[in-house]
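Peer 1: sequence and predicted structure below; questions after.
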Amino acid sequence: MRKRVAIIGSGPTAIFALQDLVKCSASLDIAIFERTDVAGKGTPYQRGINDLAMLSNIPSIEVPALPVMLHDWLALQSDEYLNEIGVARSEITDRAFYPRVVVGDYFRSQFDAIIDASRASRHTVDVFENAAVDDVQPVGDQFKLCLSPEHGGAEALFDYVVIATGHSFPSEPETSPGYFEAPWPATALQSIPSGKIGILGTSLSAIDAVMTVATKFGEFTKSKGGELKYSVNANGQALDIVMMSRKGLLPEADFYFPIPYLEPKICTQQAVDDRIALGSSGLLDDIFELFRQELAVADSDYSKAIDLDGLTVDTFAVAYYGVRDKEDPFEWAASNLAEAKRNYAQKHTVPWRYAILITHEIIETAVGFMNADDLGRFNRNFKSIFADDYATVPHLSIERLLALHRSGCLGIVALGDDSEIVKEGLERGATVEIAGTTLRFDTFIDATGQKTLSATDLPFPCLIERGLISEAKTMTAVGNHRRTGGIDVDDQCRPLIAGVRPVRRLYVPAVSYLLHKRPFIQGITSAAELGQIVAASIIAEVTRPVRSRRVRSSARAQAPAEIAA
């Protein structure tokens, strides 16, 4: 009997899962359900949700293999398309960065190509757009998908269900006048007036929000000397944007490094796996020691400059941010950008930066095995240095921020550890209270990125009611459990009942529910990994030899009405 696979969501995770599923030697009937009107793009790359000024921070060379590479696909596009997206044909390279919506257009083309190729095989692939799934109900060893009433209310049975809903943001982000819980969809920001605008965050998500606001009220142009300038529209009012974060630092510019990653010398996956096998007690400190040794071997000059020998997992971040904490963030950004451009031109890799980059995913594999106390220390004192290192941003993003600052339209504020955001009782926007100082904003945008979601946030109530989805917990040093957010899954992304037994044939590779265990999982490479893991698990089960199998001839006849194309 042909197995039926449902994939809820159609972004990168679903695309990479589909690409592997259609290679299965057994026949599959695959149905993909997308709640929006355009499948095959994903929330971070969808038009309307994202503005053309929002840049992706992954170049073509880092996108895992699809039928055609991003830069090759872009080179095949028409002059009209390139003009629309503001990309010069001469600037198309495998290391260039492009607008998020361009990456979305690319993913859609690859999605279509994979489906077209599947037609030559024994599989069937059906895509349902404007199809929001209301619930997933276990029925024997299958699952019934129920579409929401406004999308037809149809139902169908599937043998396997993949919940690949990816990033999750509110469809109506303005929760009170002038207060936005997310910068997406970008169209929601088009209604805001100029004036004093607060942006919570300084990462690429926050830069996305800044650029959407900036291009609404003005434009970027280049001087004859090549310097980027920003000017507010002639009929525009005063524009005053303030970015805010705990440290008040801007992200650094993308740096040159070899691709694919070189292997670490000391902090290897095998070394980390071996330490994990010894148990959770002291795990974080031992993992840091492997990291410290890796950094010392990679860059002795940097190690001496920060006194690496005297640092611990709890003090490393203080030394890492070091002088940068004391510098004006825009001056530091200009200096760092100049350095990054020189290194690109010379194809020079800064050893200490690269050592952190190539170990972050390896160290991440230990996070799920840490006890609650170590997990708290990791999140407070160590995690941010990896995010700062791998989440560098396109050079153009830094150039735009600097142009906005030179124009007098952009500032940055360090919130420290004791600040309060207040929106209650205000006609519009919010106030931010910092050490006795109150900042008043006409518009306030929380642009801190994807938040960790928990079991109760999953929009499929039956799975929760039946106990198939459990909220993740971790053990404290004294034997108690502490909630971490997210849901419990095994290494195949199958939910764990009571944190122990995996639910067969159900998969949740949705990043917003996995951040507690995989804090660095938000990029395209992680989406590819998750999709491939799920596909491999399904293929292994579908193609597993079975000595005897009873087939109930009436099973198909008893299934609910099929979802029609």
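Peer 2: Happy to help now that I have it.
Peer 1: off-centre distance for the helix or strand that Ile445 is a member of?
Peer 2: Remark: Ile445 resides in strand 443-446, with elements defined by DSSP states H and E. Strand 443-446 sits 21 Å away from the centroid of its parent chain (Cα atoms, centre = their mean, to the nearest Å).
Peer 1: flag every buried residue along that strand.
Peer 2: Thr443, Phe444, Ile445, Asp446 (16 or more other Cβ atoms under 10 Å). No exception for glycine: its C-beta is placed from N, CA and C like everyone else's.
Peer 1: same question, stretch 363-383
Peer 2: Neighbour counts over stretch 363-383 (16+ other Cβ under 10 Å) mark 363-378, 381-383 as buried.
Peer 1: what's the end-to-end length of it?
Peer 2: In stretch 363-383, first residue to last residue: 10 Å (Cα to Cα, to the nearest Å).
Peer 1: what is the rounded mean pLDDT of it?
Peer 2: Average pLDDT, stretch 363-383: 94.
Peer 1: please read off the pLDDT at Asp417 from the model.
Peer 2: pLDDT recorded at Asp417 is 86.
Peer 1: let me redo that: Thr474
Peer 2: For Thr474, pLDDT reads 70.
Peer 1: can you pull out the residues in contact with stretch 72-89?
Peer 2: Leu52, Ser60, Val68, Ile92, Tyr98, Pro99, Val101, Val102, Tyr106, Ser109, Gln110 (Cβ atoms under 8 Å, 6 or more residues apart in numbering).
Peer 1: gap between the two ends of it?
Peer 2: 11 Å.
Peer 1: got the buried residues for that stretch?
Peer 2: Buried residues in stretch 72-89, counting neighbours by 16+ other Cβ under 10 Å, are found at Trp73, Leu74, Gln77, Leu82, Val87.
Peer 1: restricted to helices, list those.
Peer 2: Among the buried residues of stretch 72-89, the members found in helices (DSSP state H) are Trp73, Leu74, Leu82.
Peer 1: closest to Val542 out of those?
Peer 2: Nearest to Val542 out of these is Trp73 (Cβ to Cβ; 31.2 Å).
Peer 1: quick one: that closest one and Arg108, what's the gap?
Peer 2: From Trp73 across to Arg108, the span is 11 Å (Cβ to Cβ, to the nearest Å).
Peer 1: circling back to that earlier point, what is the nearest of the ones in helices among the buried residues of stretch 72-89 to Asp307?
Peer 2: Of these, the one sitting nearest to Asp307 (Cβ to Cβ) turns out to be Leu74, at 45.8 Å.
Peer 1: if we can go back for a sec, and the least confident of the buried residues of stretch 72-89?
Peer 2: At the low end of pLDDT for the buried residues of stretch 72-89 is Val87, which has 94.
Peer 1: okay, that residue and Ile266: tell me how far apart.
Peer 2: In terms of Cβ to Cβ, Val87 sits 41 Å off from Ile266.
Peer 1: do the same with Tyr256
Peer 2: With distances taken as Cβ to Cβ, Tyr256 is found 23 Å from Ile266.
Peer 1: and Val489, by the same measure?
Peer 2: 30 Å.
Peer 1: okay, those two: which has more neighbours?
Peer 2: Taking other Cβ atoms under 10 Å, Val489 and Ile266 do not tie; Val489 has more neighbours (25 against 17).
Peer 1: so Glu174 makes contact with Ala188?
Peer 2: Yes: with contact defined as Cβ atoms under 8 Å, Glu174 counts as touching Ala188 (6.0 Å).
Peer 1: need the overlap of contacts for the two.
Peer 2: Common contacts of Glu174 and Ala188 (Cβ under 8 Å, 6+ apart): Phe180.
Peer 1: where does the protein dip in pLDDT?
Peer 2: 151-152, 236, 475-484, 546-565 (pLDDT under 70).
Peer 1: burial measure for Asp301, as a count.
Peer 2: Asp301: 8 neighbours (other Cβ under 10 Å).
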